[in-house]
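A.B. asks: just to be clear, the model below is a prediction. Sequence and coordinates:
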Amino acid sequence: MNKETFLKALQDQGIELNDKQEKQFHDYFEALVEWNEKMNLTAITDEESVYLKHFYDSITAAFYLDFDQPLSICDVGAGAGFPSLPLKIVFPQLKVTIVDSLKKRITFLNHLATKLELDDVAFYHDRAENFGKNQQFREQYDMVTARAVARLSVLSELCLPLTKVGGKFVAMKGASFKDELEDAAFATSLLGAELEKHHTFYLPEEDSERNIGIYHKRRKTPKKYPRKAGLPNKSPLTQ
Ligand SMILES: C[S@@+](CC[C@H](N)C(=O)[O-])C[C@H]1O[C@@H](n2cnc3c(N)ncnc32)[C@H](O)[C@@H]1O
């Protein structure tokens, strides 16, 4: 997806980027490629693929949810900033917190935020299991996002403790989503949420399947979750 197609695809969804935002995406791409030479941030480095598979793919969440409001978002396992930083560029009023367990990625994100002059962003080097137990962050976010981090039953335990009651947990996944849905139903219910909507669509140009699962947090998450770091992955919550 070249830049023109990217801009046009967003316009088709009612999203118009100004010059500053276009430049922020360009600078994001350059920083990603430059830093990727010193550390492993992404396997995707050619410009058209970055625009399609990282930038456009991240923004697809805004085709199904209203980001044009002052939401506080926590992006769990954002790596090089996906999906929350492309969303932040498009919707500058968002307050974004990223938690990732790899320190070098947090170092990159701090550099990037300075370069792109992003405000209201905070980056934490931590495991989501620990972060979700910290009262400063627990059940504080209007929305918790995660793209390509873990299977849904595991992801729920990382993300739902951080989601406010009344807020949303947004899981962005590939084709595996439908197989994981049923398996995750026990965990999401136990942790206080319910599937509100599920959207399946295909990325333009390469036609690969994407899924966005939107969970509504109805009740507080029981205090014992998340369990200690590593356990959600090792032993996902099942019936
Ligand atoms: C496959 S990458 C995906 C990155 C990004 N979300 C994207 O879509 O490009 C998964 C990321 O999740 C982070 N991660 C995995 N488990 C985590 C945990 N328990 N707590 C915080 N971060 C975690 C990893 O460090 C990595 O950066």
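C.D. replies: Sure, I can see it.
A.B. asks: give the rounded mean pLDDT of the helix or strand harbouring residue 184.
C.D. replies: If you go by DSSP states H and E, residue 184 is part of helix 177-190. Helix 177-190 shows a mean pLDDT of 94.
A.B. asks: next one: it to chain centre, how far?
C.D. replies: With CA atoms, centre = their mean, to the nearest Å as the basis, helix 177-190 stands 19 Å off its chain's centre.
A.B. asks: residue 44 is in contact with residue 56, isn't it?
C.D. replies: No: applying CB atoms under 8 Å, one finds residue 44 not in contact with residue 56, separated by 12.0 Å. Just so you know, the C-beta spots here come from the backbone N, C-alpha and C atoms, and that holds for glycine as well.
A.B. asks: tell me which element residue 57 is part of?
C.D. replies: According to DSSP H and E, residue 57 maps onto helix 57-59.
A.B. asks: returning to what we had before: next SSE downstream of the helix holding residue 184?
C.D. replies: strand 193-202.
A.B. asks: quick one: the strands in the chain?
C.D. replies: Taking DSSP state E as the criterion, the chain carries its strands at 72-76, 95-100, 121-125, 141-147, 163-173, 193-202, 209-217.
A.B. asks: near the ligand, which residues of this protein?
C.D. replies: The chain has residues 76-79, 82, 99-102, 105, 127-129, 147-149, 158 near the ligand, with proximity defined as CB under 6 Å from any ligand atom.
A.B. asks: could you redo the last one with a cut-off of 5 Å?
C.D. replies: 77, 78, 79, 82, 100, 101, 102, 127, 128, 147, 148, 149 (CB under 5 Å from any ligand atom).
A.B. asks: where does the chain have low pLDDT?
C.D. replies: For the chain, no stretch has pLDDT under 70.
A.B. asks: can you tell me what sits against stretch 57-75?
C.D. replies: With contact meaning CB atoms under 8 Å, 6 or more residues apart in numbering, stretch 57-75 is reached by 10, 13, 15, 81-87, 90-91, 93-99, 137, 140-147, 159, 162, 168, 170, 172, 197, 199, 201, 203, 210, 212, 214.
A.B. asks: go with 6 Å
C.D. replies: 13, 82-84, 86-87, 90-91, 93-98, 141-145, 162, 199, 212 (CB atoms under 6 Å, 6 or more residues apart in numbering).
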